[in-house]
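> any chance you can model this:
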Amino acid sequence: MNQWTVITDEIRAQIRSAWGANFQVAKGRPRVPFESLPYAVITTENVTVVESGRTLRRRWRFEISGVFAYDESSDSEPLVFEKIDQLHQALQAYSEVSVPSVPGPFAGICDVWQVEEFGPIEEEVQDSWYGCRLVFSCESEVFS
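Now for the predicted structure:
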């Protein structure tokens with residue numbers, strides 16, 4: 001199994017642990033558009049490679065977009081930041097109070113993983129959904 005598959009499978013698992021076990025998740029644009037909410041889409045923003053001798057260090061960057069049904073009982077931004085916080089806690093490598101056990105997530109192939117950016121996805125006032133986006137990065141090594 002290649003590194004991209006291992007990493008995106010782990011991101012999918014973390015999305016489901018944060019937002020629900022049956023959460024719909026697509027890796028890239030879904031072949032068939034989702035007909036119901038909620039869902040998430042994982043897209044690969046870019047991969048940079050740094051070569052050092054026989055070692056290649058890959059820096060993976062993913063954007064995760066989550067879209068949820070709007071229940072209209074409150075404003076959208078508190079709902080957005082609650083969802084961001086749930087996923088951020090699932091993806092973050094460590095916090096001030098905890099350090100993950102070894103080997104870490106991502107089948108032990110990645111290190112230096114972190115949430116780099118996050119924020120709401122803008123919607124029209126009359127829309128029946130709300131959304132958020134997170135940019136997540138990690139690094140892996142390949143030996144040649």
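> any stretches of the chain with poor pLDDT?
Counting by pLDDT under 70, the chain shows low-confidence ranges at 1, 93-108, 144.
> beta partners of the residue most central in space within the chain?
Among the residues of the chain, the one closest to the centroid is residue 64, at 4.3 Å (CA atoms, centre = their mean). Beta-bridge partners for residue 64, by DSSP bridges, are residue 42, residue 134.
> these two touch, right, it and residue 84?
No: if you go by CB atoms under 8 Å, residue 64 and residue 84 don't touch, sitting 10.0 Å apart. (Each C-beta comes from the backbone N, C-alpha and C, glycine too.)
> how much space separates the residue of the chain most remote from its centre from residue 2?
Using CA atoms, centre = their mean, the residue of the chain lying farthest from its centre is residue 53. It sits 31.2 Å away. Distance, residue 53 to residue 2, by CB to CB, to the nearest Å: 22 Å.
> please apply the same query to residue 11.
For residue 11, the distance to residue 2 - CB to CB - is 15 Å.
> residues contacting the residue farthest from the centre of the chain?
Residue 53 makes contact with no residue, according to CB atoms under 8 Å, 6 or more residues apart in numbering.
> got the phi and psi for it?
The phi and psi values for residue 53, taken as degrees, to the nearest 10, are phi 60, psi -120.
> same check on residue 57?
phi -110, psi 120.
> common neighbours of residue 64 and residue 84, please.
residue 134.
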